[in-house]
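J.: Give me a model of this one.
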Amino acid sequence: TAQAQAGWLQHDFGHLSVFRSRRLNLLFHRFVIIHMKAASSAWWNYRHYLHHAKPNISDADPDVNMPHVFMLGEEMPKRWAKRQKEGKAPKVMPYNRQHQYWWAIGPPLLLPLYFHYENISYIFGNAIFGRSGLPRDSYATKRYLGHGRKFFWEEAALMISFFVRWHYMYGPVVGGAWAWFTLYMVVRTVESHWFVWVTQMSHIPMAIGKYASTKERDWLSLQINATCNVDGGWFNDWFTGHLNYQIEHHLFPTMPRHNYAKVAPLVKSLLEKHGKRDRYISKSLLGAFGDIVSSLERYGHVWEHAYFEG
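T.: This next block holds a predicted model:
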């Protein structure tokens, strides 16, 4: 619970939404995400800046570009199936079953496996070679590289401080290095379930596609077409770190989270004024979770039809 809530807290600092001072927000962001969660602040900014700039745009948003594991949206499955039949893409997964294997490799493995790999690649790639080696870079990375590779070595050292602290706090209690490392991975796996369901419930069921095929490219349309809300309430707000107000968060990314519910009626009236009130979608928490699985099943069938019958 503490690690999950620290994740929502670092998200607030990363969005510069806690202090008026940009410097203080960035300072606390680095402290929370690196020293308390063993992740790179530069890596988080690299991913998250891209996500917010063009959410659910498969050639820009790293959160929805994962064709080796999941087919997302109505377009990607068709393109990937075509490339597979031409021998230009590997036949990795039975995507028509992705709604089933999601339970085994989606929520359980994102944080303990993939995010660890990406963190290490990003930090040490930039520290040693001056490039991350990840598929797409962002303005954030270029800005950090302006400080020189020393910046990334500092991030690596701060990340190691997490494990030093973890060793001395839990090693004597649980019985040595392997025991505390096992505890750490268990915590990350449990947190991964929490994180994945909360962050994906507002995006996977929504419109996903390439930028070139996106008809409405204005800021408002890009955000509301890619996001949906989950109904507010004390539990949902706490459990999701107020990310249940995903529409408001994407429209006003630097707004303090406790104000989302206050501006929600204004957002609805704005959309109604411009004939887009039907784009404001809010669901129950369990309904939003269920829509992730049903969307994966639908996208999988699109791939199946394109691959075997198209």
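
J.: Surely Lys37 touches Met159?
T.: No - counting by C-beta atoms under 8 Å, Lys37 sits too far from Met159 to count as a contact (9.2 Å). Where you see a C-beta, it was placed from the backbone N, CA and C, and this is true even at glycine.

J.: quick one: contacts of whatever helix or strand Ala306 lives in?
T.: Ala306 is part of helix 285-308, with elements assigned from DSSP states H and E. Outside of helix 285-308, the residues within contact range by C-beta atoms under 8 Å, 6 or more residues apart in numbering are 70-74, 76-78, 80-82, 84-85, 95-99, 102, 197, 200-202, 204-205, 228, 230-231, 236, 239, 244, 283.

J.: So which of those residues belong to helices?
T.: Judged by DSSP state H, the contacts of helix 285-308 include 76-78, 80-82, 84-85, 98-99, 102, 197, 200, 236, 239 as members of helices.

J.: Got a PyMOL select line for the buried ones in the residues you listed?
T.: Listed next is the PyMOL selection for buried residues among these, using 16 or more other C-beta atoms under 10 Å:
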select buried, resi 76+77+78+80+81+84+98+99+102+197+200+236+239
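
J.: Nearest to Leu271, out of the ones in helices among the contacts of helix 285-308: which one, please.
T.: Sorting these by how near they are to Leu271, with C-beta to C-beta, puts Asn236 at the top with 21.6 Å.

J.: For the residue most central in space within the chain, which three-state class applies?
T.: Geometric centre of the chain, nearest residue: Asp63, 5.2 Å, by C-alpha atoms, centre = their mean. On the three-state scheme (DSSP: H, G, I helix; E, B strand; the rest coil), Asp63 is labelled coil.

J.: mind listing what it touches?
T.: Residues counted as contacts of Asp63 (C-beta under 8 Å, 6+ apart) are Arg47, His51, Pro55, Thr199, His203.

J.: can you rerun that using 10 Å?
T.: Listed by C-beta atoms under 10 Å, 6 or more residues apart in numbering, the contact set of Asp63 reads Arg47, His48, Leu50, His51, Pro55, Asn56, Leu72, Thr199, Gln200, His203, Ile204, Ile208.

J.: Also His99?
T.: Here His99 is in contact with Phe70, Gly106, Ile292, Val293, Ser294, Ser295, Leu296, Glu297, Arg298, Tyr299, Gly300, His301 (criterion: C-beta under 10 Å, 6+ apart).

J.: Just want to check the distance between it and Lys91.
T.: His99 is 19 Å from Lys91, where distance means C-beta to C-beta, to the nearest Å.

J.: Quick check: nearest residue in space to Lys82, chain neighbours excluded?
T.: Setting aside the residues directly before and after it, Lys82 is nearest to Ala306 in space (C-beta to C-beta, 6 or more residues apart in numbering), at 6.8 Å.

J.: The one you found: neighbour count?
T.: Residues lying near Ala306 (other C-beta atoms under 10 Å) number 19.

J.: Check the spacing between it and Val196 real quick.
T.: The value you get for Ala306 to Val196, if C-beta to C-beta is used, is 26 Å.

J.: Ala53 contacts Asp61, doesn't it?
T.: Yes - if you go by C-beta atoms under 10 Å, Ala53 and Asp61 touch, sitting 8.1 Å apart.

J.: between these two, which one's more packed in?
T.: Neighbours per residue (other C-beta under 10 Å) separate Ala53 from Asp61, with Asp61 holding more: 21 against 14.

J.: Would you mind giving me the confidence score for that one?
T.: Note for Asp61: predicted pLDDT of 91.

J.: pLDDT of stretch 16-34, averaged?
T.: Mean per-residue pLDDT for stretch 16-34: 95.

J.: correction: stretch 256-263
T.: For stretch 256-263, mean pLDDT rounds to 96.

J.: just to revisit the earlier point, measure how far the helix holding Ala306 is from the centre of its chain, please.
T.: Chain-centre distance of helix 285-308: 19 Å, with C-alpha atoms, centre = their mean, to the nearest Å.

J.: Likewise for stretch 69-79?
T.: Between the centre of stretch 69-79 and the centre of its chain there are 18 Å (C-alpha atoms, centre = their mean).

J.: quick one: buried residues of it?
T.: Counting neighbours by 16+ other C-beta under 10 Å, one finds that the buried residues in stretch 69-79 are Val69, Phe70, Met71, Leu72, Gly73, Glu75, Met76, Pro77, Lys78, Arg79.

J.: All the strands of this protein, residue numbers only.
T.: Taking DSSP state E as the criterion, the chain carries its strands at 229-230, 282-283.

J.: helices or strands next to the first one in the packing?
T.: Same thing as strand 229-230. Packing partners of strand 229-230 (3 or more C-beta pairs under 10 Å, 6 or more residues apart in numbering; DSSP states H and E): helix 234-240, helix 246-251, helix 260-273, strand 282-283, helix 285-308.

J.: where does the protein have its least confident helix or strand?
T.: Taking mean pLDDT, DSSP states H and E as the measure, the helix or strand of the chain with the lowest value is helix 139-145, at a mean of 65.
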